[in-house]
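In: Below: sequence and its predicted model.
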Amino acid sequence: MTDNEKKNLLGDDQTNKTELANRIARQSRKMANTYQQLEDVVFRTVRWFSALIDKALFNRKYGKITALVLAVLLYVAINYNTMASIYTNSMKYTRTITGAPVTARYNTDTFELSGMPEKVDIQIIGDATNVTNALTSGGVIVADLEGLTEGSHQVKFTGEGFGDNVSVVVDPSVTVLTLKKKTTQQFDLSWDFINLDSMANIYSVGTPQFEYTKVNVRASKDTLSSIAFVKALIDVSGQMAEFEQDARLIAYDASGYPVQADIVPDRIHVKVPVTSPNKTVPIEIQVSGEVPDGMAIDSITADQQTVTIYGSESVLGEIDKVMVTLSAATITKDSTLLRPIVLPAGVNSSNINQITINVTLAESVSRVIENVPINFRNNINNYKASQPENKTTTSVTVTGTQTNVDRISAANINVYVDMKDAVPGLQDFKLYVDQPSDGLVKYILNEASYTLNVLGETTDTDSSGNQNTNND
């Protein structure tokens, strides 16, 4: 290359460098102008927004609107998560059940369980459809003790069978339960008749005949010690003849309350005789009080003189009559009355329940009867006694109608002293008189007391301690 060519190349390079530098300088000036314009726009915008904020915050006209907007923004910011969950989750529903039964799982052949609450309260939580389905699902609350040994254990209650889409909260959620090992003890068997009111009154049940007289009871030692007796409950409703049945067995404590225990077997076959013991006895009309206005009962007649009564043979053997009461104070004229028959204790029923009584009245009169003998009763020590001046009789006033008074003599009247509390020596005894059972006349003692000198010697008496007048 020649020197001229070299000079030309150097000249071109110098020109290019100068042009590049000028281009860069121009671009820099352009960018600086752009930045300056952008900065001016930002500053103007900030100044405008600041002026707007000042105008909104400190101007009365727009202050309330600004406060409302800020409050809404603040509320949305704070409750954002809650509001979001409302729209993103299903609506929850709770149903409370009080007194839900509880089931325990444990080895019932080996252990006895105590401390178990009969019922608990539960809450079922989920969406409305699932909760409704859970209520009809047949779910149960379970205390699971399977695999646990004898002693006390803290056990959690769980819900089973309510479905996987609901939550079950149990109150209380846990409890302390005790497992006690069972043993076996033998008891004598007794019985009770139940539903006796459903059996006709004319029938009586006899002594039941069991296929065995002892039963085995299985429970903890504490429970067995509380058992006083084991009874077969024999249902006699509607029975009219000998019958057989399998009677249920129940254990009871000394107060008569049932005791939870395993009775093996829990029923027993029994045969029960049914009879209808009865007895025909006379009806006695017992009159009380006095007829007013100077009148007295002259006669009493009834349409029935006997009644057939039903009951156990032991009760009937002690009964020789039944009573019908009649209040004389309510009768003012000749009357026909219906009166109920009063059945003695232990009598189940009778063939008639009431009788018709015809009552006639007449004017009342009185008569004194002399020389009525004085007798002794309850001379349990068999004392002898002497009477001052050998006084052995007294007088009695008889009141009633003329016809009834005239038929009374001293032999009809029983006056006596009660010597149950007698001691040797001179003493006064109260006089008593037996009133007639028919009530047609009344006896009035004319002397209230009787003096006796009780001797230390003894005399023969009858088996009841009664004796006639004794004189030395």
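Out: Perfect, thanks for sending it.
In: buried stuff in the helix or strand harbouring residue 251?
Out: Assigned by DSSP states H and E, residue 251 falls within strand 243-252. By 16 or more other CB atoms under 10 Å, the buried positions in strand 243-252 come out as 243, 245, 247, 249, 250, 251, 252. To be clear about C-beta, it is placed using only N, CA and C from the backbone, and glycine gets the same treatment.
In: Kindly report the same for stretch 405-422.
Out: Judged by neighbour count (16+ other CB under 10 Å), stretch 405-422 contains these buried residues: 405, 408, 413, 414, 415, 416, 417, 419, 422.
In: Including distance to residue 195 and pLDDT, could those go into JSON lines?
Out: Compiled in JSON lines, those are given as follows (distance: CB to CB, whole Å; pLDDT from 0 to 100):
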{"residue": "405", "distance to residue 195": "55", "pLDDT": "96"}
{"residue": "408", "distance to residue 195": "53", "pLDDT": "95"}
{"residue": "413", "distance to residue 195": "52", "pLDDT": "96"}
{"residue": "414", "distance to residue 195": "48", "pLDDT": "96"}
{"residue": "415", "distance to residue 195": "53", "pLDDT": "96"}
{"residue": "416", "distance to residue 195": "49", "pLDDT": "96"}
{"residue": "417", "distance to residue 195": "53", "pLDDT": "94"}
{"residue": "419", "distance to residue 195": "51", "pLDDT": "92"}
{"residue": "422", "distance to residue 195": "53", "pLDDT": "90"}
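In: Next step: the residues you listed restricted to strands.
Out: Mapping the buried residues of stretch 405-422 onto strands (DSSP state E) picks out 415, 416, 417.
In: of these, closest to residue 216?
Out: Using CB to CB, residue 416 is the member of these that lies nearest residue 216, at 61.4 Å.
In: The spatially closest residue to the closest one that is not a sequence neighbour is in what secondary structure piece?
Out: Nearest in space to residue 416, with sequence neighbours left out and distances taken as CB to CB, 6 or more residues apart in numbering, is residue 375 at 4.3 Å. Under the criterion of DSSP H and E, residue 375 resides in strand 354-377.
In: what helices or strands is the next helix or strand after that strand leaning on?
Out: Along the chain past strand 354-377, the next helix or strand (assigned with DSSP H and E) turns out to be strand 383-386. The contact analysis (3 or more CB pairs under 8 Å, 6 or more residues apart in numbering; DSSP states H and E) places strand 383-386 against strand 449-458.
In: lowest-confidence helix or strand of this structure?
Out: The weakest-scoring helix or strand in the chain, judged by mean pLDDT, DSSP states H and E, is helix 80-88 (a mean of 54).
In: Quick one: classify residue 389 as helix, strand or coil.
Out: For residue 389, the assignment made with DSSP: H, G, I helix; E, B strand; the rest coil gives helix.
In: tell me the domain ranges of the protein?
Out: Using automatic domain parsing, the domain ranges for the chain come out as 23-86, 93-181, 185-275, 278-362, 364-458.
In: comparing these, which gets the lowest mean pLDDT score?
Out: When the domains of the chain are ranked by mean pLDDT, domain 23-86 comes last with a mean of 71.
In: quick one on the thing from earlier: how about the strand holding residue 375 as CSV, C-alpha atoms only?
Out: Extracted C-alpha coordinates of strand 354-377, given in CSV (Å, rounded to 0.1, in the frame of the first residue of the first chain):
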residue,chain,number,x,y,z
GLN,A,354,-125.0,-55.0,100.1
ILE,A,355,-128.3,-55.8,101.8
THR,A,356,-131.7,-54.2,102.1
ILE,A,357,-132.6,-53.3,105.7
ASN,A,358,-136.1,-52.5,106.9
VAL,A,359,-136.2,-50.4,110.1
THR,A,360,-139.3,-49.6,112.3
LEU,A,361,-139.4,-47.1,115.2
ALA,A,362,-141.4,-46.8,118.4
GLU,A,363,-141.3,-44.6,121.4
SER,A,364,-138.2,-45.1,123.7
VAL,A,365,-138.7,-46.2,127.3
SER,A,366,-136.4,-47.2,130.2
ARG,A,367,-136.4,-49.9,132.9
VAL,A,368,-134.1,-50.6,135.7
ILE,A,369,-133.1,-54.3,136.2
GLU,A,370,-131.8,-55.2,139.6
ASN,A,371,-129.5,-58.1,140.7
VAL,A,372,-127.3,-58.2,137.6
PRO,A,373,-124.3,-60.5,138.5
ILE,A,374,-120.8,-59.0,138.4
ASN,A,375,-118.3,-61.3,136.7
PHE,A,376,-114.5,-61.2,136.5
ARG,A,377,-112.4,-61.1,133.3
